[in-house]
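[1] need coordinates for the below:
(one chain, ligands or ions: 1)
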Amino acid sequence: MGNAIAVSTDHSNAAYDHLWMHFTRMGSYAHARVPTIVRGEGTSIYDDRGKRYLDGLAGLFVVQAGHGRAELADAAARQARELAFFPIWSYAHPRAIELAERLAGHAPGDLNKVFFTTGGGEAVETAWKLAKQYFKLVGKPGKHKVISRAVAYHGTPQGALAITGLPALKAPFEPLVPGAHKVANTNIYRAPVHGDDPEAFGRWAADQIEQQIQFEGPDSVAAVFLEPVQNAGGCFPPPPGYFRRVREICDEYDVLLVSDEVICAFGRLGTIFACDKFGYVPDMITCAKGMTSGYSPIGACVVSDRLAEPFYQGSNSFLHGYTFGGHPVSAAVALANLDLFEREGLPQHVLDQEGAFLETLRRLHDLPIVGDVRGNGFFYGIELVKDKTTKESFDAEECERILYGYVSRELFENGLYCRADDRGDPVIQLAPPLIADQSTFDEMEQIIRGVLTEAWTKL
Ligand code: PLP
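    Next up is the predicted model:
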């Protein structure tokens, strides 16, 4: 007989004993309760003690339509009863076909082919592999390297992690996939040049990509991976003209432009695909998270006809796939989610309210600890500083003590679930469900104001 495992009704003990949480210092829960969320409704979530929190991060940039949407749960149940599972390996099922067609309809240009995955990291992994095989098929086998940006996060599979620009996250797993190179991101708050001229800064930042292609040799570079608004580092929107120039560079050197929209797609910025918001047409879009508002997992790499063409010839095939890619239940939920977006005009709501959201957060500028408030759509970062004039940031000890030891904990204690992050400089990240309105923005601002006012006295 194996060890008897007492099933505890006190989730906090069972969580520590058995649930290995992701990106989590498990040791910190040896003598502390694991926060356990049991229910959600609209923009609110509730813990196992019945306490309410405002979900300031839509779970993890996921729950676009808000919590507790019966129609999404019903769509999942209906599909599970009809056909719970079938793979899309040489066979199709109706929901995957319908969803692929629907996503192709939303995607710009000739992005008409949809390769499903189960999440974002797999979508990024897929895009890199697809780029490599594409260039082998069209007789340019040397083109295999990729370029991405400093501090950007693109997922945890070893290819996606190589593309990620966060050395500390990669170090335990080196050596990763070779050939992934980094350039400057679009953090204009800390721009090394042209900090007071967004257009010039955008041109400079885009030209970093051209320079890197030249350094590596254009015949060796396959793709550039960019988020429309970079998350890690705290929401870096593209400066004006940035993506226009990047597109020109990619065309000039026959390098594929991958728009990593794992966070930014599905209304987060007010459009179904975020490249539309900034007026560029990539060669591939990677997406996941908000596609189902989190009611079931799925991801996708949306690919241009031009790229797909050689794969559709003769006996060629893309030698890649996932058992659960395009899962029928997830595809059905994604379709219901897109119906809901249309019926309720969620993307338009984001466009209508983004200015008010930003204005509300900008009130926090009167606090000495708030250096910058930036973002787009329903996606914002608040950067914390020690000195507003010099923009001096926290040191490692202050990040531990103030950001994690105080701000993060107190925001939650005070009823706001969001994220304090120091993958670049210390920031608070906000991305509520897309149903949020002025009352949500005000509640966030009030809670953050109280916590940051107190945090300043502890620096
Ligand atoms: N790409 C970006 C831009 C992301 O933000 C993330 C996750 O946050 C990923 C990829 C990885 O997605 P997943 O966690 O679904 O694998």
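[2] leaving out sequence neighbours, find the closest residue to the residue in the stretch 251-400 of the chain positioned nearest to the ligand.
    Proximity of the stretch 251-400 of the chain to the ligand (CB to the nearest ligand atom) peaks at Val262, 3.6 Å away. Any C-beta I mention is one placed from the backbone N, CA and C, and that applies to glycine too. Sequence neighbours aside, Gly120 is the residue nearest to Val262 in space, at 3.5 Å (criterion: CB to CB, 6 or more residues apart in numbering).
[3] how far away is the one you found from Lys289?
    According to CB to CB, to the nearest Å, Gly120 stands 6 Å off from Lys289.
[4] kindly report the same for Ala75.
    For Ala75, the distance to Lys289 - CB to CB - is 18 Å.
[5] try Val427
    Distance, Val427 to Lys289, using CB to CB: 19 Å.
[6] now the strands for the stretch 151-300 of the chain?
    Secondary structure of the stretch 151-300 of the chain (DSSP state E, counting those that start in this stretch): strands located at 180-183, 221-226, 256-260, 284-287, 299-304.
[7] need the contact list for Gly165.
    148-153, 182, 185, 232 (CB atoms under 8 Å, 6 or more residues apart in numbering).
[8] those residues of the stretch 51-200 of the chain touching the ligand, which are they?
    Counting by CB under 6 Å from any ligand atom, the residues of the stretch 51-200 of the chain close to the ligand are 119-121, 124, 153-155.
[9] report how many residues lie close to the residue of the chain found nearest the ligand.
    The minimum distance from the chain to the ligand, using CB to the nearest ligand atom, falls at Gly120 (2.4 Å). By the measure other CB atoms under 10 Å, the count of residues near Gly120 is 28.
[10] quick one: contacts for the residue of the stretch 251-400 of the chain closest to the ligand?
    Taking CB under 8 Å, 6+ apart, we find Val262 in contact with 61, 120, 123-124, 154-155, 227, 286-289, 299.
[11] measure it to Val407 for me?
    Distance, Val262 to Val407, using CB to CB: 26 Å.
[12] for Thr36, same thing?
    Taking CB to CB as the measure, Thr36 falls 22 Å from Val407.
[13] more crowded one of the two?
    Under the neighbour definition other CB under 10 Å, Thr36 and Val407 were set side by side, and Val407 has more, 24 against 14.
[14] residues in contact with Leu459?
    Counting by CB under 8 Å, 6+ apart, Leu459 touches 369, 386, 398, 402.
[15] what's the answer for Leu403, then?
    Per CB under 8 Å, 6+ apart, neighbours of Leu403: 384, 394, 420, 422, 426.
[16] SS state for it?
    Secondary structure, DSSP: H, G, I helix; E, B strand; the rest coil: Leu403 is helix.
[17] just the pLDDT for it.
    Leu403 is assigned 94 on the pLDDT scale.
[18] that one and Asp422, how far apart?
    Plainly put, Leu403 is 6 Å away from Asp422 if you go by CB to CB.
[19] so what sits against both of those two?
    Contacts common to Leu403 and Asp422, judged by CB under 8 Å, 6+ apart, are Phe394.
[20] pLDDT weak spots in the stretch 51-200 of the chain?
    Within the stretch 51-200 of the chain, no stretch has pLDDT under 70.
[21] so where do the helices sit in it?
    For the stretch 51-200 of the chain, the helices defined by DSSP state H, counting those that start in this stretch occupy 58-61, 70-82, 94-106, 120-137, 158-163, 167-170, 198-216.
[22] need the ones you listed in a markdown table (columns: distance to Ala274).
    Below are the helices of the stretch 51-200 of the chain laid out as a markdown table (distance: least, CB to CB, whole Å):
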| stretch | distance to Ala274 |
| --- | --- |
| helix 58-61 | 12 |
| helix 70-82 | 22 |
| helix 94-106 | 11 |
| helix 120-137 | 13 |
| helix 158-163 | 18 |
| helix 167-170 | 23 |
| helix 198-216 | 17 |
